[in-house]
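S.K.: Output the structure for:
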Amino acid sequence: MRLLTWVTWLSISLLGAVDAAASDTSGVVEVDLVFPRNDTYAPAPYVPIVFAVQNPELASSLSLRLGFEVWNMTNGSKVDEGSFGDYYESSSLNWTNTSSSDPELVYRHYTEFNTEGKWSLVWNLIWSNCTYDPLREIYYQKGQSQTSGITFTTKKTAQGIDLVDATKNQSCSENQGIAFNVVDTTKVTGGSYGVGEQCAVLDNSTVTPTPCRVNIDSTAASSITAALTASLCSDEYRMWVEAGRAQEPEISCPADESAAQQLLVGGITCLIAAIGALSYLLA
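M.R.: The predicted model follows:
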């Protein structure tokens with residue numbers, strides 16, 4: 001199970017990804033909200049928001065984009081969407097063979113759950129699939145989207161956050177997943193964009209998501225904690241705090257960051273700029 005943070009996917013792509021061709025052209029691709037779940041947790045300095053992509057190698061043909069927002073159900077207000085952008089780019093899945101990395105986890109921190117409350121996490125998945133136009137005899141990319149969400153509560157008397165224990169629970173809502181039945185992949189031959197790119201062909205059948213299949217083991221949980229702590233302790237994040245764009249969590253930061261941690265968080269500034277540029281282009 002490989003882990004990608006909201007920071008590292010951009011770093012990988014900038015370093016020059018190796019575009020590995022998918023070994024299979026059909027199968028079920030699924031995107032799941034792994035954590036939090038419809039449960040009650042103790043307030044914390046930060047809460048990890050974790051998504052998983054099942055069959056990630058084939059997912060690259062869907063051009064997935066993922067965003068989310070959080071609402072305070074107590075007063076009906078929208079909580080700030082976060083510091084580092086809310087999109088997951090499936091192009092990062094092309095950099096290596098993912099046969100031993102299924103599912104793939106993507107995650108980021110959220111610092112607004114440090115108080116009691118009831119919250120709604122609404123997430124939106126955008127994808128593109130190939131559609132055949134018989135009049136022009138071309139395959140073109142058709143963009144689609146779906147929105148889902150969950151509610152959860154933070155309460156001082158509740159359990160602390162434990163990713164391993166939380167994902168052992170096999171009772172979770174199908175609303176936590178969106179699944180696709182890819183029957184083939186083909187190249188885009190016409191349309192306004194994507195010509196020559198590989199694109200997924202979907203059938204019209206309904207696929208029931210299986211988000212409960214995704215479990216976070218202790219190794220993955222430790223990696224997530226270490227990566228998120230490193231990003232929250234970075235100089236880049238402190239700049240956001242000083243600018244009033246992010247909350248400063250009450251966590252213990254290492255006195256000296258290791259070279260690996262510096263490498264992990266070093267792409268944050270580039271990511272912020274890239275997200276801003278992407279938002280401008282899509283406006």
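
S.K.: what ranges do the strands span in the protein?
M.R.: 3-5, 27-35, 40-41, 47-54, 65-72, 77-79, 104-110, 117-133, 138-154, 177-187, 198-202 (DSSP state E).

S.K.: Make a markdown table from those and add distance to residue 239 and mean neighbour count to it.
M.R.: (Each C-beta comes from the backbone N, C-alpha and C, glycine too.) Output for those, formatted as a markdown table (distance: least, CB to CB, whole Å; neighbours: other CB atoms under 10 Å):
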| stretch | distance to residue 239 | mean neighbour count |
| --- | --- | --- |
| strand 3-5 | 18 | 22 |
| strand 27-35 | 28 | 23 |
| strand 40-41 | 29 | 17 |
| strand 47-54 | 22 | 24 |
| strand 65-72 | 23 | 18 |
| strand 77-79 | 21 | 12 |
| strand 104-110 | 16 | 24 |
| strand 117-133 | 26 | 18 |
| strand 138-154 | 27 | 16 |
| strand 177-187 | 35 | 19 |
| strand 198-202 | 39 | 21 |
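
S.K.: For residue 253, which of those strands is the nearest?
M.R.: strand 104-110 (13.4 Å; CB to CB).

S.K.: Which other helices and strands does the closest one contact?
M.R.: strand 3-5, strand 47-54, helix 218-232 (3 or more CB pairs under 8 Å, 6 or more residues apart in numbering; DSSP states H and E).

S.K.: Output stretch 105-113 as PDB, nothing but the C-alphas.
M.R.: C-alpha atoms of stretch 105-113 as PDB (Å, rounded to 0.1, in the frame of the first residue of the first chain):
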ATOM      1  CA  LEU A 105      -3.900   6.300   0.000                       C
ATOM      2  CA  VAL A 106      -4.000  10.100  -0.400                       C
ATOM      3  CA  TYR A 107      -4.400  12.300   2.600                       C
ATOM      4  CA  ARG A 108      -4.100  15.700   4.200                       C
ATOM      5  CA  HIS A 109      -4.500  17.300   7.600                       C
ATOM      6  CA  TYR A 110      -7.400  19.400   8.800                       C
ATOM      7  CA  THR A 111      -6.900  21.700  11.900                       C
ATOM      8  CA  GLU A 112     -10.500  22.900  12.400                       C
ATOM      9  CA  PHE A 113     -11.700  19.900  14.400                       C
END
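
S.K.: tell me the mean pLDDT over that stretch?
M.R.: Stretch 105-113 carries an average pLDDT of 85.

S.K.: How about stretch 201-211?
M.R.: Per-residue scores along stretch 201-211 average to 86.

S.K.: what about that stretch, start to end distance?
M.R.: 23 Å (CA to CA, to the nearest Å).

S.K.: in it, what counts as buried?
M.R.: 201, 202, 207, 209, 210, 211 (16 or more other CB atoms under 10 Å).
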